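Chemist: need coordinates for the below:
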Amino acid sequence: MSFQDFALGTRAAVRPYHDAEDAAGRRVRQVLRITRDLRELFPGSSGILDIAAGGGEAVSWYRSLFPGVRLVCLEGPTAKPRPTVARFAAIAHFRRFDGAAIPYADASFDVITGYRGLSATPEDRRAVLLLEAYRVLKPGGLIVLFEPKGAGLAARTLTRTIRDVGFHDAMVRYDGPLPLLPIGADFHVVAFRP
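Modeler: Modelled structure (predicted):
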């Protein structure tokens with residue numbers, strides 16, 4: 001199956017989300033849906049890096065849907081929600097970082113996800129953060145970035161920046177009833193590292 005065939009089949013349901021836990025669960029289930037059909041790319045899936053982990057709402061979802069996978073959560077220095085140790089204890093490794101330089105070795109992760117990480121990053125540092133994501137992602141790895149519409153980062157701009165960094169097959173999907181149309185509150189970009 002080609003990436004385009006897979007991406008065109010991806011659908012995001014529209015429903016009201018009442019709190020951050022529900023929204024985090026929706027994002028993680030979307031990552032699961034994306035990676036489920038592409039397991040052959042990640043033999044033994046050794047690690048997921050979640051950039052902009054916030055208050056850790058997605059950690060329990062990641063752990064339940066990806067058991068046995070190393071989960072690392074990064075948060076920038078200016079993040080408002082302060083995660084509690086209980087959210088991460090024994091289920092994920094939490095680390096603060098400077099918002100651009102990812103403190104891990106080259107080719108360390110199979111999947112990188114993020115929610116509002118780029119829109120919260122100053123515009124002049126976004127390309128640097130994406131270059132770092134490219135560096136720590138294994139060849140053939142997948143990056144899935146969720147961003148809110150209207151937060152100062154357009155889907156086309158993000159897709160162009162991701163391609164300029166070196167990722168391939170970048171696709172944008174919206175959370176509305178038709179994933180190819182810019183309807184809904186969020187969008188996500190999926191791309192591969194060659």
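Chemist: any idea which helix or strand carries the residue nearest the centre of the chain?
Modeler: Among the residues of the chain, the one closest to the centroid is Thr113, at 1.8 Å (CA atoms, centre = their mean). For Thr113, the element it lies in under DSSP states H and E is strand 109-115.
Chemist: could you give me the average pLDDT of that strand?
Modeler: What strand 109-115 shows for mean pLDDT is 89.
Chemist: check stretch 121-129 too.
Modeler: 88.
Chemist: thought Ala151 was touching Arg116?
Modeler: Yes: contact criterion CB atoms under 8 Å: Ala151 and Arg116 qualify, at 6.9 Å. Quick note: C-beta positions are derived from backbone N, CA and C, even for glycine.
Chemist: what about those two, which has more around it?
Modeler: Arg116 (18 against 12; other CB atoms under 10 Å).
Chemist: now that one: how far from Gly150?
Modeler: 12 Å (CB to CB, to the nearest Å).
Chemist: ok, Ala120 next?
Modeler: Separation of Ala120 from Gly150 (CB to CB) stands at 14 Å.
Chemist: next: Cys73.
Modeler: For Cys73 relative to Gly150 (CB to CB), the value is 26 Å.
Chemist: helix or strand right after the strand holding Thr113?
Modeler: Assigned by DSSP H and E, the successor of strand 109-115 is helix 123-136.
Chemist: ok and the helix or strand that comes right after that following helix relative to strand 109-115, angle-wise?
Modeler: Next in sequence after helix 123-136, counting helices and strands by DSSP H and E, comes strand 137-148. Relative orientation of strand 137-148 versus strand 109-115 (axes from the mean of the first three to the mean of the last three CA atoms, to 10 degrees): 10 degrees.
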